[in-house]
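Participant: Predicted model follows, preceded by the sequence.
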Amino acid sequence: RDAAIADHLRRMEAELSRTRAIVASLRGLLTAATDVEVQRRAVPDLPAIAVTARVERAVIGDWCAQTFPALYGRLDGPPTGRGGALYGEEFFTEAVGEVTAFVPVAGGPSTTTIPGGDYAVAVHAGPFVDVDRTYAALGSHVAGCETAAPGPIREIYLVSPPEITDEAQYVTEICWPITH
């Protein structure tokens, strides 16, 4: 019984810590603008192995923690680039939507093509809980300086789990589709 209570207490403390981080991030959205450097980039089509699912935003971290190791486990050789994900508009507007996790590969019978296109790209450095700040800054840039194109937003995980566990060291490219 004591072990079960202690386990439950650890889970509750972890959830409390996560909630505090989210509150701090939201407070930061209200009080400070994030300046980001934005680059325009043409991204080619990409052969990859991928998994697509309808995912609730509240569980995206758990979904990625299960999906990416499974994808990397299917590789016959080294990946040809960094893993990433595509997020459909509903994921942001409805808090549930289509997400495609992918790992680039050289090709083969079980690959899919991740479509390329023109993007406005910003780099988010730090924990995923703070990524909203970079999204807000990039979205403001696109609204003011670009013409948004239809299609999913692409994230490319330059430094992420499992290669590093210190969330402060995560680096993610956020790629917003634009017209050229």
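Facilitator: In hand now; what should we look at?
Participant: in the strand ranked longest in the chain, what counts as buried?
Facilitator: Counting by DSSP state E, the longest strand found in the chain is strand 46-56. Under the neighbour-count criterion of 16 or more other Cβ atoms under 10 Å, strand 46-56 has Leu46, Pro47, Ala48, Ile49, Ala50, Val51, Val55 buried. C-beta coordinates here come from the backbone N, C-alpha and C atoms, glycine included.
Participant: got it, and stretch 116-134?
Facilitator: 117-124, 126, 128-134.
Participant: Nearest the geometric middle of the protein, what residue?
Facilitator: Central residue of the chain (Cα atoms, centre = their mean): Glu155, 4.7 Å from the mean position.
Participant: Which of the three states applies to it?
Facilitator: At Glu155 the chain is in strand, as set by DSSP: H, G, I helix; E, B strand; the rest coil.
Participant: got it, and Asp118?
Facilitator: Secondary structure for Asp118, judged by three-state DSSP, is strand.
Participant: ok, now which ones touch it?
Facilitator: Residues counted as contacts of Asp118 (Cβ atoms under 8 Å, 6 or more residues apart in numbering) are Arg40, Arg41, Ala42, Val43, Ala149, Pro177, Ile178, Thr179, His180.
Participant: Just the buried positions in the one helix or strand the second one maps to, please.
Facilitator: Arg41 belongs to strand 39-43 when elements are defined using DSSP states H and E. Applying a neighbour-count criterion of 16+ other Cβ under 10 Å, one finds Val43 buried in strand 39-43.
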